[in-house]
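Asks: got a sequence here, can you model it:
(one chain, ligands or ions: 1)
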Amino acid sequence: MDDYDDVRAAFTWDSARAWLDGQPGGGRNIAHEAVDRHVAHGRGEHEALRFIGADGVDESWTYAELAERTSRFAEVLRGLGVGPGDLVCGLAGRIPDLYVALLGTLKARSVFSPLFSAFGPEPIRQRMAMGHARLLVTTPALYRKRVHGLRAELPELEHVLLIGPGSAELVGAERLGPGVLPLAELWPGTSGTFRAEPTDPEEPALIHFTSGTTGTPKGAVHVHDAVVAHHATARLVLDLHDDDVFWCTADPGWVTGTSYGVIAPLTCGVTCIVDELEFDARRWYQLLESERVTVWYTAPTALRMLMKAGSAPHEGRDLSALRHIASVGEPLNPEVVHWGIAELDRPIRDTWWQTETGAIMVANYHGSAVRPGSMGRPVPGIEAAVLARDAEGHVEIGADGGPVRLDEPDSLGELALRTPWPSLMRSYIGAPERYASAFLGDWYLSGDLVRRDAEGWFWFVGRGDDVIKSAGHLIGPFEVESALLEHSAVAEAGVIGVPDPIVGEVVKAFVALKPGFEPSDALRRELIGFGRTRLGNAVAPRDITFQQDLPKTRSGKIMRRLLKARELGLPEGDLSTLEVLA
Ligand code: 6R9
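Replies: I've put the predicted structure just below:
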C-alpha cells in the first residue's frame, strides 16, 4: 500500500505538535519529550538505552533511570552556576554518561553542542571559542591529550566535567587543571528530582557545528521546538514504534548521532542500541542478530564496507527481526541498494538532510517501493523545489525578486526547501550575514545540486561548493588549509576531496612551499603528521602533493575546483577567472 500522498495531504506541523505532550506546566523541552514523558505515561520501566561493549551489553537503562540521571546532571550544572542559555560542549565517544550529559543539559535549559571525539585540538578550540562554551564534558584521556593545552586560549571555559574510563578514580585526587572535576564527585550531592522549568519552544537547545567552503565553521542553532520534526520524521520515515529496537550507527559527535541516535528515537519510546566499538562487519551482523534490531539507520560508507566484506560475515545470522533499513549522509549508490535486496533481503531507504535542516527532509518513504539511487520525495510538511543557478553558481533571482524555479522534469538545479519547519536552524552563531545568505525569499537554499524526475523523486547530483564529505563527515577545506599554513614550510595550501570507493571522498592537499624549503618525502610525512596532530585523523589530509604555482582567481583565491578537475583528469571548465595557470 502506498499512502504517501494521503499522509502528506493530512499532515501539518501543528498536528505533529499534538503527537507530543508539551511540558506539564506549559512549554516544550526536548528532554521532556524524549525521556520524562514516557515515565509519565507509565512506560518508565521500558528499556531506553542499551550500550554494547566488547563483551556484549555493558549498561542498560530504563526510561525511569534515564529520567533520574538526566535530572541529576541538570542539578550538577545548576550547582556549578551553569544556567539556561549557557553552552555545554560534549567531547567523548559513545559512552553512557555522554548521553546523560546531552539530555541533562537540555533538561537544565542549557545549550548542548557535540564535538567529534576524533577532532584534534584546533577544531575543538575553535568551536568552543565560537560558542563561548562555559562547560565541557569529556573523558580524562581526551582532556589530557586534546584540551589541557588549550585552556589558556579558552578563558570562558570555566568547568570541565570528567566522565567515562578513569574518571571515577579521580574523585578526591589532584585536579587535572583549573575547574576540572570528575562528574562522580558531584553526583552524591544530587537528588534526581530536578524538573525542567517551562521552556519556550523557541529557546536554543543545540548548536551543531558544520563546515562551509570558506571561513570558520558554522554553528547552526536549533531550538527546543525542533523535537517536533525529530519525532515526526522518526515516525513517518524511520517508522519507529514504541516496541522497536533501533540502532543508529552515527557518532554522537555529529548531527545524525545526536538527532537520530538519541533524541528522535527516544521521543518514540523505543529501545536505542549504542555500539561503543569501531566498525567490524562480523560484529555488526552479530549485533543486529543478538539485539534483535528492528530498525537500523546507517550510512553509505558503512554499507559499502559491509558489501566489501562479502556474504561470509552474515551467513547463518538470523536477521528476521530487522524490518527497516535507512541510510543518510552521502549518496547511496544504487548498487548498494541492490546488494541490500540480494543479501539482506530488504531495501535500504535513502534519506537526505543537513545539519541546517535539523531533520530528514527528503526520503524513500517506508510505505513505498524504493527507487535505487534516488534520495526519495519530500517528507510530509516539507515542500522542495529545484532552483536555477547562474554561471557563478548563485541561485538566479527572477523578475519578482524570488528564485527561479525549474519545474520541468529532470532539470538540474539547487535543492531548496520552503520555510519554515520546526527543526530549521534559527541562526549561525555570530554570523547573521552568512545565515541570511542561506535564504532567498521563503526558501532555504541547501547548496546541493539535484534533479527531480517527472514523479517528483529527487536525485542527488553533487555539492554546489567545495566542502568535502568523508565517511559521512563534512570537512571544510578552509579549516584544513588554515592548519597547514601554520607549518613553517607552507606558503599556500589548497585542499580538495578525492573520490574514494568506500568513504566517498578523502582529503587531499596541494601545498606550495616557502623559499628555502624543498619538496621531499620526509617533508610530506611531516606535514601529514602535523595535520593529524592539529586537526585529528578524521579531518587531516591523507595525501599531500607539492605544487609551487597553485591556480588562483583574479582575486587571489586558490581554485580548488581546478585542482580537483586536474587531479581527476576532468575538463577544466570555465577558466576565465584564472590569474595564474600552473
Ligand atoms: C545529515 C547530514 C549534509 C550534506 C548534504 C549532502 C550530503 C546527506 C545525503 C547526502 C546524498 C544523501 N548528504 N544526505 N548526499 N544523498 N542521502 O549528513 O548532515 O553533515 O550537514 O551534511 O551531506 O551534500 O548537503 P551534514
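Asks: apart from its chain neighbours, what residue comes closest to residue 398?
Replies: Nearest residue to residue 398, sequence neighbours excluded (C-beta to C-beta, 6 or more residues apart in numbering): residue 404, at 4.5 Å. C-beta: built from backbone N, CA, C; applies to glycine.
Asks: got the domain boundaries for the protein?
Replies: Here the domain parsing of the chain from automatic domain parsing is 1-28+224-382, 62-198, 383-420+431-465, 468-581.
Asks: just put those domains in JSON lines and tack on mean neighbour count.
Replies: As requested, these are exported to JSON lines (neighbours: other C-beta atoms under 10 Å):
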{"stretch": "domain 1-28+224-382", "mean neighbour count": "20"}
{"stretch": "domain 62-198", "mean neighbour count": "20"}
{"stretch": "domain 383-420+431-465", "mean neighbour count": "16"}
{"stretch": "domain 468-581", "mean neighbour count": "17"}
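Asks: how much space between the nearest residue to residue 461 once chain neighbours are set aside and residue 414?
Replies: Leaving out its chain neighbours, the residue that sits closest to residue 461 by C-beta to C-beta, 6+ apart is residue 449, at 4.2 Å. According to C-beta to C-beta, to the nearest Å, residue 449 stands 6 Å off from residue 414.
Asks: still on that earlier bit, and the residue nearest to residue 461, helix, strand or coil?
Replies: Applying DSSP: H, G, I helix; E, B strand; the rest coil to residue 449 yields a three-state assignment of strand.
Asks: looking at this protein, which residue is nearest the ligand?
Replies: Closest residue of the chain to the ligand, C-beta to the nearest ligand atom: residue 355 (3.4 Å).
Asks: hmm, residue 208 and that residue touching each other?
Replies: Yes - with contact defined as C-beta atoms under 8 Å, residue 355 reaches residue 208; the gap is 4.7 Å.
Asks: who touches both of those two?
Replies: Common neighbours of residue 355 and residue 208, counting by C-beta atoms under 8 Å, 6 or more residues apart in numbering, are 220, 255.
Asks: for the residue nearest to residue 398, grab phi and psi.
Replies: Main-chain torsions, residue 404, degrees, to the nearest 10: phi -90, psi 110.
Asks: so what's it up against?
Replies: Residues near residue 404 by C-beta under 8 Å, 6+ apart: 387, 388, 395, 396, 397, 398.
Asks: other SSEs contacting the helix or strand encompassing residue 512?
Replies: Using DSSP states H and E, residue 512 falls within strand 504-513. Packing partners of strand 504-513 (3 or more C-beta pairs under 8 Å, 6 or more residues apart in numbering; DSSP states H and E): strand 468-470, helix 477-485, strand 490-500, helix 521-535, strand 543-546.
Asks: go ahead and flag the most central residue of the chain.
Replies: With distances taken as C-alpha atoms, centre = their mean, residue 255 lies nearest the centre of the chain, 2.5 Å away.
Asks: can I get stretch 212-225 in PDB, CA atoms only?
Replies: Below are the C-alpha coordinates for stretch 212-225, written out as PDB (Å, rounded to 0.1, in the frame of the first residue of the first chain):
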ATOM      1  CA  GLY A 212      31.500  25.700   4.800                       C
ATOM      2  CA  THR A 213      33.700  26.400   1.900                       C
ATOM      3  CA  THR A 214      35.400  29.400   3.500                       C
ATOM      4  CA  GLY A 215      35.900  30.900   6.800                       C
ATOM      5  CA  THR A 216      35.300  29.400  10.300                       C
ATOM      6  CA  PRO A 217      32.900  26.600  10.900                       C
ATOM      7  CA  LYS A 218      29.200  27.500  11.100                       C
ATOM      8  CA  GLY A 219      27.400  27.000  14.400                       C
ATOM      9  CA  ALA A 220      23.800  26.100  13.400                       C
ATOM     10  CA  VAL A 221      21.500  26.900  16.300                       C
ATOM     11  CA  HIS A 222      18.500  24.700  16.800                       C
ATOM     12  CA  VAL A 223      15.600  25.300  19.300                       C
ATOM     13  CA  HIS A 224      13.500  23.000  21.500                       C
ATOM     14  CA  ASP A 225      10.700  23.000  19.000                       C
END
